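In: sequence and predicted model, in that order:
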Amino acid sequence: MATEAADKPDHAWPIFRSLASFQPSYLPGDLIAGLTLAAIAIPEQMATARLGGFSPQIGFFAFIAGSIGFAMLGSNRFLSCGADSTITPIFAGGLVLMAASGSPDYQALAVALALMVGVILVLGGLFRLGGIANLLSTPVMVGFLAGISVHILVSQMPGVLGLEAPKGPMLDKIGVLARHLGDANFYTVAIGFGVLAVVAGSEAISAKIPGALIGLVAATAAVIAAGLESKGVNVVGTVPASLPTPSLPDIAAQQWAKLVPLSLLIAIVVMVQTAATTRSFPSDPDKPADVDRDFLGAGAGSILAGLFGAFPVNASPPRTGIVSETGGRSQLSGLFAAAIVLALLAFGATLLRHVPDAALGGVLLFVALRIIRLRQIVQIYRQSFGEFLLIVATAAAIIVLPIEQGVAVGIGLSLLHGIWTTTRARLIEFEQVPGTTIWWPASQHVAGERHPDVAVVGLQAPLSFLNAGSFSADVLHVLNAATPKPKLLVLEATGIIEIDFTAAQTLINLIRQCHEDGITVAIARLESTRAQQAFERFKLYDVLPREHIFRSVDEAVRTLASPS
């Protein structure tokens, strides 16, 4: 029987909404999922912290804060929020331009960035800006992840090879690493690639196997048993067992201002990944995902992370999948995992002292290889070569340029792709399917009939400033090229879901010109509510009688066309 909490509607829960329908029977599944999540998150969060230039315990703070924050304000029952390898290279690349990696100033800037990203995400949720999650098209996102994976691989190879990390642009780093491959430390290489093999093998068998944890334990045992620290194998070292107290970063006003562009960039990426995650693992498959509410959860996670001295957090698709697949039913699984990590920090930090850096690098090598969507790249190459070039351009920008600039270029390319797609929309001429009242786009595969003195055209895109000029020119070309010249123009408006000011003025001028040329204008199937509102708002009915709006092309033709 459902509990009283299960019967209470979600909107009655301002916080911990994901627990609104919790039932005692969920507890075993949530505890098992939380234990599995913790086993996977512990090495991953340590490795991600190192990726960003932070000590391992900062990754634990981020995971605890992300888990609590999302459980408080998020909606999705499965989503896991914490340190994430997608955004970490981006903000690390931006912060290192303002302070030396690992320095107190660097840490303070990361904390400030977490607070700013969190505030932006919360505002995005409150103002229901879920549409921002659609800023990155699939090809751009695939290219974005490919570029990020290269950054992770290059940043972790020095630790896995036992070499000093090279400085400079990405291509220079790759060249330096290639020249010094012969100087690699055998033991470090064995640990790094050994952990990679364990993680990859475990993943191939079952994603529920905590391969990263198994690899880290085995690598740590080997370091201790064989005394590998004396043979050049670097280890994590002492991890402070103390927990931070809530505080605000002490940085100058101009530094806050400098963080604004980077915080907006990170917030957009978090929105995109959070939306993708919550849609991939919906709380209820029969209801649309509450993306805006999940922005609130991710934002709360980043704010808590900032208050406790960590960096921005993000939704994790792999960890979310683990919760869903191992029987998790609510955010209690994430809270239980956070409690395990907290206990490790408080009572077992000394266990992490001998964890080799190369093992953490091996975990991140696997992460980098996993986020390259090779199968999707091949599919896009085969089906849309132009969009494949978009993947290449995005990945190249992120690899060659400073990473935060490359990501900005990727977002710009995605927007340009959308604009280009809209501007490519061309006018379609319609013909009547013989023996029916159906008017269909003219095609060599469908035999159609044209009525004398009638032109039926349509546009399968929003009518905006991007395509209004070409739309008007195309309509006039159809009218002027026809013999005899049509006396009735019917605009089939099914695809016109929106009309902006520029397009409305263009449409008004087009209707007036048709009237001057003795051509009657009608609109058929103006189905979009927004388009109907635009007709009212922009006073299109001043030039087009309301009785010239029809529910079908056939009705318009029968009513207004001259008998043939």
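Out: Nice, thanks for sending it over.

In: only C-alpha atoms from now on, for both contacts and neighbour counts.
Out: Will do.

In: and stretch 101-117, which residues are buried?
Out: 101, 105-117 (16 or more other Cα atoms under 10 Å).

In: among the residues you listed, show me the least confident.
Out: pLDDT across the buried residues of stretch 101-117 is at its lowest for Ser101, which sits at 92.

In: how much space between that one and Ala110?
Out: Separation of Ser101 from Ala110 (Cα to Cα, to the nearest Å): 10 Å.

In: which neighbours do those two have in common?
Out: Leu95 (Cα atoms under 8 Å, 6 or more residues apart in numbering).

In: for this protein, where's the lowest mean pLDDT among helices and strands?
Out: Ranked by mean pLDDT, DSSP states H and E, the weakest helix or strand in the chain is helix 4-7, scoring a mean of 41.

In: next secondary structure element downstream of that one?
Out: helix 27-51 (DSSP states H and E).

In: pull out the buried residues from that following helix.
Out: By neighbour count on 16+ other Cα under 10 Å, the buried set for helix 27-51 is 27, 29-51.

In: right, and the helix or strand after that helix?
Out: That would be, after helix 27-51 and using DSSP H and E, helix 56-73.

In: what packs against that next one?
Out: On a contact count with 3 or more Cα pairs under 8 Å, 6 or more residues apart in numbering; DSSP states H and E, helix 56-73 meets helix 27-51, strand 80-82, helix 291-307, helix 332-347.

In: now do it against helix 27-51, angle only.
Out: 140 degrees (axes from the mean of the first three to the mean of the last three Cα atoms, to 10 degrees).

In: now do helix 56-73: distance to the chain's middle.
Out: In terms of Cα atoms, centre = their mean, to the nearest Å, the centre of helix 56-73 is set 20 Å apart from its chain centre.

In: got a list of contacts for stretch 464-484?
Out: Outside stretch 464-484, the residues touching it (Cα under 8 Å, 6+ apart) are 419, 422-427, 452-453, 455, 457, 459, 485-486, 498-503, 506-507, 510.

In: in helices, which of the residues you listed appear?
Out: Among those, DSSP state H puts 419, 422-423, 501-503, 506-507, 510 in helices.

In: could the residues you listed go into TSV alongside neighbour count?
Out: Listed next are the ones in helices among the contacts of stretch 464-484 as TSV, based on neighbours: other Cα atoms under 10 Å:
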residue	neighbour count
Ile419	13
Thr422	17
Thr423	20
Phe501	14
Thr502	16
Ala503	22
Thr506	19
Leu507	20
Leu510	18
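
In: JSON lines for these, including distance to Gly74 and pLDDT?
Out: Converted to JSON lines, the ones in helices among the contacts of stretch 464-484 look like this (distance: Cα to Cα, whole Å; pLDDT from 0 to 100):
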{"residue": "Ile419", "distance to Gly74": "32", "pLDDT": "84"}
{"residue": "Thr422", "distance to Gly74": "34", "pLDDT": "76"}
{"residue": "Thr423", "distance to Gly74": "38", "pLDDT": "78"}
{"residue": "Phe501", "distance to Gly74": "37", "pLDDT": "96"}
{"residue": "Thr502", "distance to Gly74": "39", "pLDDT": "95"}
{"residue": "Ala503", "distance to Gly74": "40", "pLDDT": "94"}
{"residue": "Thr506", "distance to Gly74": "44", "pLDDT": "95"}
{"residue": "Leu507", "distance to Gly74": "44", "pLDDT": "96"}
{"residue": "Leu510", "distance to Gly74": "49", "pLDDT": "96"}
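
In: buried ones in stretch 308-328?
Out: Residues of stretch 308-328 classed as buried: 308-324, 326-328 (neighbour count, 16+ other Cα under 10 Å).

In: neighbours around the residue lying closest to Leu507 once chain neighbours are set aside, how many?
Out: Leaving out its chain neighbours, the residue that sits closest to Leu507 by Cα to Cα, 6 or more residues apart in numbering is Ser472, at 7.4 Å. Neighbourhood size, Ser472 [other Cα atoms under 10 Å]: 17.

In: let me know the pLDDT of Ser472.
Out: On the pLDDT scale, Ser472 gets 94.

In: how near is it to Asn509?
Out: 9 Å.

In: now swap in Gly131 and tell me
Out: Counting by Cα to Cα - Gly131 and Asn509 are separated by 32 Å.

In: where do the strands sit along the stretch 401-550 of the chain?
Out: 427-432, 439-441, 454-459, 488-492, 520-524, 549-550 (DSSP state E, counting those that start in this stretch).

In: ok, residues contacting the second one?
Out: It stands for strand 439-441. In contact with strand 439-441 (Cα under 8 Å, 6+ apart) are residues 428-433, 448, 553-554.

In: next one: it to chain centre, how far?
Out: For strand 439-441 - counting by Cα atoms, centre = their mean - the centre lies 37 Å from the chain centre.

In: before we move on, what about the third one?
Out: What separates the centre of strand 454-459 from the centre of its chain is 39 Å, taken as Cα atoms, centre = their mean.

In: strand partners (parallel or antiparallel) of that strand?
Out: Strand 454-459 sits in its sheet next to strand 427-432 (antiparallel), strand 488-492 (parallel), going by DSSP bridges.

In: can you redo the ones in helices among the contacts of stretch 464-484 as CSV with distance to Ala346?
Out: Formatted as CSV, the ones in helices among the contacts of stretch 464-484 follow (distance: Cα to Cα, whole Å):
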residue, distance to Ala346
Ile419, 52
Thr422, 56
Thr423, 58
Phe501, 61
Thr502, 62
Ala503, 63
Thr506, 68
Leu507, 68
Leu510, 73
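
In: where in this protein is pLDDT low?
Out: Where the chain drops to pLDDT under 70, the residues are 1-13, 562-564.

In: out of the helices and strands packed on helix 56-73, nearest to Leu196?
Out: Checking those against Leu196 by Cα to Cα gives helix 27-51 as the closest, at 12.4 Å.

In: what helices or strands is the closest one leaning on?
Out: If contacts are counted by 3+ Cα pairs under 8 Å, 6+ apart, helix 27-51 sits against helix 56-73, helix 88-95, helix 138-161, helix 211-226, helix 317-325, helix 332-347, helix 357-370.

In: deepest of the ones you listed, which one?
Out: Greatest average neighbour count among those goes to helix 56-73 (a mean of 29), per mean count of other Cα atoms under 10 Å.

In: tell me the angle of that one relative to helix 332-347?
Out: Using the same axes, to 10 degrees: helix 56-73 against helix 332-347 is 150 degrees.

In: perfect, that will be all.
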